[in-house]
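S.K.: build me a structure from this.
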Amino acid sequence: MNETEIRNQIIQKLSEIEQQEHVKILHAVESGSRAWGFASPDSDYDVRFIYLREKNDYLKLNPMRDVIEYQLDDVFDINGWDFRKMLLLLYKSNPTVFEWTQSPIIYQTSACFQNLIPLINSYFSPKTGIYHYLSTAKHNYHAYCEKEQVRYKKYFYVLRPLLACYWIAEYQTPPPMLFSDLRILPQAQNISSLIDFLLEIKMQTSELGTGAKIPELDNWIQQNFDSVRQIAESSADMPSPGWNSLNSAFLQSFLSAE
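M.R.: Below is the predicted model:
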């Protein structure tokens with residue numbers, strides 16, 4: 001199937017979710033390597049969405065699940081968060097919220113959600129973001145890149161969050177999803193040729209493509225773990241905007257989504 005057919009399938013699946021679960025999808029995006037700009041030929045589609053239930057559902061005493069896991073197979077990975085869950089995580093400046101807001105591939109959205117983007121961005125905490133992406137980079141490196149044979153795509157799961165840290169330190173804003181926007185940072189220039197090499201392999205081979213470790217890249221990664229840690233430790237704590245705006249956004253959503 002071509003991209004148009006896949007997109008139509010995704011939109012149809014989102015409509016099915018709304019009907020089966022009795023929810024309104026406020027925003028649905030691509031969140032994985034396709035949104036990052038370095039998908040393999042056989043990469044799956046990581047569809048993430050924010051949904052709103054009917055108002056009376058939130059008044060029930062019995063708790064509801066705050067996630068919908070719709071499909072997971074070789075082609076599609078589709079799941080979403082309840083809008084209330086998103087707002088609770090936004091209060092803590094959860095970086096995933098900002099990623100879904102910034103995805104360059106939008107399958108479905110609403111005026112309700114688009115009107116919230118300035119509010120969402122106001123809850124971004126640079127220090128929280130740097131620590132999150134540094135932790136992600138370290139976890140992925142130790143989990144996937146310390147063997148003699150490495151799945152080359154896993155290097156990007158280290159490089160992207162590391163560069164995201166530098167973006168946050170420089171601009172104090174959520175990092176862009178596209179890797180091409182992050183690689184223009186000065187910190188990426190020293191390994192530009194290695195990034196080109198990895199991108200060429202990644203976009204021409206399967207998700208399982210492997211090869212020998214790249215010592216020069218490993219050295220760069222290790223050095224920058226230390227540099228980013230120092231940046232995180234010296235970053236100032238930003239006060240949270242508080243609950244009032246989030247409470248208002250939650251209540252207003254029932255009017256806007258109608």
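S.K.: tell me the centre residue of this structure?
M.R.: Closest residue to the average C-alpha location of the chain: Glu99 at 3.8 Å, with C-alpha atoms, centre = their mean.
S.K.: wasn't that residue part of a strand?
M.R.: No. Counting by DSSP: H, G, I helix; E, B strand; the rest coil, Glu99 is not found in a strand; it is helix.
S.K.: residues contacting it?
M.R.: Each residue near Glu99 by C-beta atoms under 8 Å, 6 or more residues apart in numbering is listed here: Ser31, Pro174, Met177. Where you see a C-beta, it was placed from the backbone N, CA and C, and this is true even at glycine.
S.K.: go again using 10 Å as the cut-off
M.R.: Val29, Ser31, Ala35, Trp36, Arg48, Ala164, Pro174, Pro175, Pro176, Met177 (C-beta atoms under 10 Å, 6 or more residues apart in numbering).
S.K.: out of those residues, which end up buried?
M.R.: Val29, Ser31, Ala35, Trp36, Arg48, Ala164, Pro174, Pro175, Pro176, Met177 (16 or more other C-beta atoms under 10 Å).
S.K.: the fifth one sits in which helix or strand?
M.R.: Assignment of secondary structure by DSSP states H and E places Arg48 within strand 45-53.
S.K.: Three-state assignment for Leu26, please.
M.R.: Using three-state DSSP, the structure places Leu26 in strand.
S.K.: isn't it up against Leu52?
M.R.: Yes. Counting by C-beta atoms under 10 Å, Leu26 touches Leu52, with 5.7 Å between them.
S.K.: what's the overlap in contacts for those two?
M.R.: Common neighbours of Leu26 and Leu52 are listed as Phe83, Met86, Ser110, Cys112, Phe113, Ser253, Ser256, Ala257 (criterion: C-beta under 10 Å, 6+ apart).
S.K.: which one of the buried ones among the contacts of Glu99 is nearest to Asp66?
M.R.: For the buried ones among the contacts of Glu99, the residue nearest Asp66 by C-beta to C-beta is Arg48; the value is 13.9 Å.
S.K.: got the contact list for that closest one?
M.R.: Going by C-beta under 10 Å, 6+ apart, Arg48 touches 27-32, 35, 77-81, 96, 99-100, 103, 107.
S.K.: inside helices: which ones of these?
M.R.: Among the contacts of Arg48, the members falling in helices (DSSP state H) are Ala35, Thr96, Glu99, Trp100.
S.K.: what two of those have the greatest distance between them?
M.R.: For the ones in helices among the contacts of Arg48, and using C-beta to C-beta, no pair is farther apart than Ala35 and Thr96, which are 12.4 Å apart.
S.K.: model confidence at the residue lying closest to Ile6 once chain neighbours are set aside, what's the number?
M.R.: With sequence-adjacent residues excluded and distances taken as C-beta to C-beta, 6 or more residues apart in numbering, Ile6 is closest to Tyr45, at 6.6 Å. Predicted confidence (pLDDT) for Tyr45: 96.
S.K.: strands of the stretch 101-250 of the chain, residue ranges please.
M.R.: 106-109, 149-151, 210-212 (DSSP state E, counting those that start in this stretch).
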